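Asks: fold the stuff below for me.
(4 chains)
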Protein chains: 2
Amino acid sequence: MRIGKIDKMHSLSKNQQIIFDLIDKSPEPLKAYTILFNVQKKGIKAPPQVYRALDKLVEMGKIHKIESRNAFIACHNSSCQVAKATAFSICEICEKVTEISSAGLSKYLANFKDKDGMKYSKYNLEFFGLCKKCR
Amino acid sequence: MRIGKIDKMHSLSKNQQIIFDLIDKSPEPLKAYTILFNVQKKGIKAPPQVYRALDKLVEMGKIHKIESRNAFIACHNSSCQVAKATAFSICEICEKVTEISSAGLSKYLANFKDKDGMKYSKYNLEFFGLCKKCR
DNA sequence: TAACACTATGTAATAATATAACATTTATAA
DNA sequence: TTATAAATGTTATATTATTACATAGTGTTA
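Replies: Purely as a prediction, here's the structure:
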């Protein structure tokens, strides 16, 4: 059944859903062990359970990893499209992280060619500075 | 003495020099514990010694951290200028990492303004794809 | 439905990455 | 030269992530 299939493709497993909900509700990026501590009451007890769900959610584009912080935030840019083209601003004082969605920026980077004329299939960009509040 | 001062500003401490030399000679990014194992014969015995030197070298712009790989490469772009504006290409098969130096790219990113008109003082960009050899 | 493959889960142990804390030494500058 | 800052040495520990293996659920298809 086509519709069932598609539904399944978009649906999350039990652990994935628990962990996604937590990240999605969080105003700030969450670290793997912070997640673990927060979902132990829901029966998720061990690191691999968390890391496995995180890996899948990243693959699906539902969340992104902030590499410089080893932390995860929910995607607020229509997931799938941007799983391979991510840009964030990070405040160096309060650590607030915001996903940047700029058509110009993504176009520029998607079309960027290096010296050898090579294009890339994926990128991650992290900007650092001070947010409005912290300036 | 002016000249002495300047020399000092550009000189590395003993541990910094040992660790920089190792990274600079390496054709690939090195991880902190790989560095540690490789410099134990030179008297550097413990992680803090390595991480402290790495921190300073990153500050100085002599090396860069590849965040998605937790590894370090020497800067080959005239250090200091680009310590706060870094871009790399990473091969997802062989893990070859190359520092990108593109005037166009750095200009674009240095001048990038987000929705709120905010500019950022620093950025790190990692492109992913397949290198020539691996394609 | 039975058999299969595939995905997800549970669990224990351990590996890999990074920092805290404190004592000491070396280098720099007033 | 003396005090200040920077770097070092050392032990211990914190944090982040994976391996390995056993079990259970889900979807497909013969």
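Asks: touching chain B at all, the strand or helix carrying A:Leu125?
Replies: A:Leu125 is located in strand A:122-129, with elements delineated by DSSP states H and E. Yes - legend: contact between strand A:122-129 and chain B by CB under 8 Å from any CB of the partner chain is shown at A:122-129. C-beta here means a position set from N, CA and C on the backbone, and glycine is covered the same way.
Asks: can you tell me which of the residues you listed are buried?
Replies: Among the residues of strand A:122-129 next to chain B, those buried by neighbour count (16 or more other CB atoms under 10 Å in any protein chain shown) are A:123-129.
Asks: JSON lines for these, including distance to A:Pro27 and pLDDT?
Replies: Compiled in JSON lines, these are given as follows (distance: CB to CB, whole Å; pLDDT from 0 to 100):
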{"residue": "A:Tyr123", "distance to A:Pro27": "26", "pLDDT": "97"}
{"residue": "A:Asn124", "distance to A:Pro27": "22", "pLDDT": "98"}
{"residue": "A:Leu125", "distance to A:Pro27": "22", "pLDDT": "98"}
{"residue": "A:Glu126", "distance to A:Pro27": "19", "pLDDT": "98"}
{"residue": "A:Phe127", "distance to A:Pro27": "19", "pLDDT": "98"}
{"residue": "A:Phe128", "distance to A:Pro27": "19", "pLDDT": "98"}
{"residue": "A:Gly129", "distance to A:Pro27": "19", "pLDDT": "97"}
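Asks: flag every residue of chain A that's near DNA strand C.
Replies: Residues of chain A lying near DNA strand C by CB under 7 Å from any atom of the strand: A:13-16, A:43-49, A:52-53, A:56.
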